[in-house]
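>>> Generate coordinates for the sequence data below:
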Amino acid sequence: MSETSPTVTAWEAAYLRFETCEEELRKFLRRLRKLGALTWPRDAQVVEIFCGRGNGLHALHHLGFTRVEGVDCSAALVARYSGPAKFVVADCRQLPFPDASRDIVIVQGGLHHLPELRADLEKVVSEVRRVLRPSGRFMVVEPWRTPFLRFVHWVGSFRLARRMWAKLDALETMTELEWVTYDQWLRQPEAVLRRLEGDFATERKCIGWGKLMWVGRRESD
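Residues are numbered from 1 along each chain as shown. The predicted model follows:
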């Protein structure tokens, strides 16, 4: 499927231009290691939601995880995945899994796409809590309004910079196409953290370089 295929949206085409599969895989491996994945049981049942073309799933397999599943609402992106993980095309606000049936749920860059942030985030977080077993982990990596992110978008406001750097142009194109949801996400960091930390006990939290990187544990009811 080419990036110009009518089944690929303009945002998806920009996402595919942003970085190669190899670059994305290396990025996901760095994140997983930083957030403690090397200490997680390799036979854990892991679900990555908003998983896109599946390079996060490849990263998990690379680290030795053997029971991996992906969920995304884009059939066009899901079709790009080729690997051993199971894939489900579904809305992450209503996960197609039984209660207390998974050990780890991961999201990398999906929550800031939610159209109604507070209501939809509550639905996603509640669904994650529902499907996780007691002491299960929820890993979140999302854009965060830091000085670095402001600087990147400032540079991206110049047409010449975008013409000279294809990666920056792809990032700014994605940002423009998702501006409403992206902006509402960046403007509500306190509400986001309250929602996450209200349902999970924070295990790790790193904020920097334009990212929130967080892992929480599901406490027993």
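>>> ok, longest strand in this protein?
What stands out as the longest strand in the chain, according to DSSP state E, is strand 132-143.
>>> So in that sheet, which strands flank that strand, and in what orientation?
Taking DSSP bridges as the criterion, strand 132-143 sits next to strand 102-108 (parallel), strand 211-218 (antiparallel) in its sheet.
>>> Deepest in the core, which of these is it.
With neighbours taken as mean count of other C-beta atoms under 10 Å, the strands paired with strand 132-143 reach their highest mean count in strand 102-108, at a mean of 24. C-betas here are computed from N, CA, C, even on glycine.
>>> In terms of helices and strands, where is residue 184?
helix 179-186 (DSSP states H and E).
>>> can you pull the contacts of residue 100?
Taking C-beta atoms under 8 Å, 6 or more residues apart in numbering as the contact definition, residue 100 lies against 130, 131, 132, 133, 134.
>>> mind listing what the first one touches?
The one in question is residue 130. 95, 99, 100.
>>> Secondary structure, distance to residue 109 and pLDDT for these - can I get that in a markdown table?
Compiled in a markdown table, those are given as follows (DSSP: H, G, I helix; E, B strand; the rest coil; distance: C-beta to C-beta, whole Å; pLDDT from 0 to 100):
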| residue | secondary structure | distance to residue 109 | pLDDT |
| --- | --- | --- | --- |
| 95 | coil | 18 | 98 |
| 99 | coil | 27 | 98 |
| 100 | coil | 26 | 98 |
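>>> Determine the angle, from 0 to 180 degrees, between the longest strand of the chain and helix 179-186.
Counting by axes from the mean of the first three to the mean of the last three C-alpha atoms, to 10 degrees, strand 132-143 lies at 110 degrees to helix 179-186.
>>> For stretch 200-211, C-alpha coordinates in PDB please.
The C-alpha trace of stretch 200-211 is given here as PDB (Å, rounded to 0.1, in the frame of the first residue of the first chain):
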ATOM      1  CA  PHE A 200      -2.900   3.600  39.100                       C
ATOM      2  CA  ALA A 201       0.100   3.800  41.500                       C
ATOM      3  CA  THR A 202       2.900   5.500  39.700                       C
ATOM      4  CA  GLU A 203       5.900   3.300  39.300                       C
ATOM      5  CA  ARG A 204       8.000   5.400  37.000                       C
ATOM      6  CA  LYS A 205       7.600   9.000  35.600                       C
ATOM      7  CA  CYS A 206       9.900  10.900  33.400                       C
ATOM      8  CA  ILE A 207       9.100  14.300  31.800                       C
ATOM      9  CA  GLY A 208      11.500  15.800  29.300                       C
ATOM     10  CA  TRP A 209      12.400  16.400  25.700                       C
ATOM     11  CA  GLY A 210       8.700  16.900  24.800                       C
ATOM     12  CA  LYS A 211       7.500  13.700  26.300                       C
END
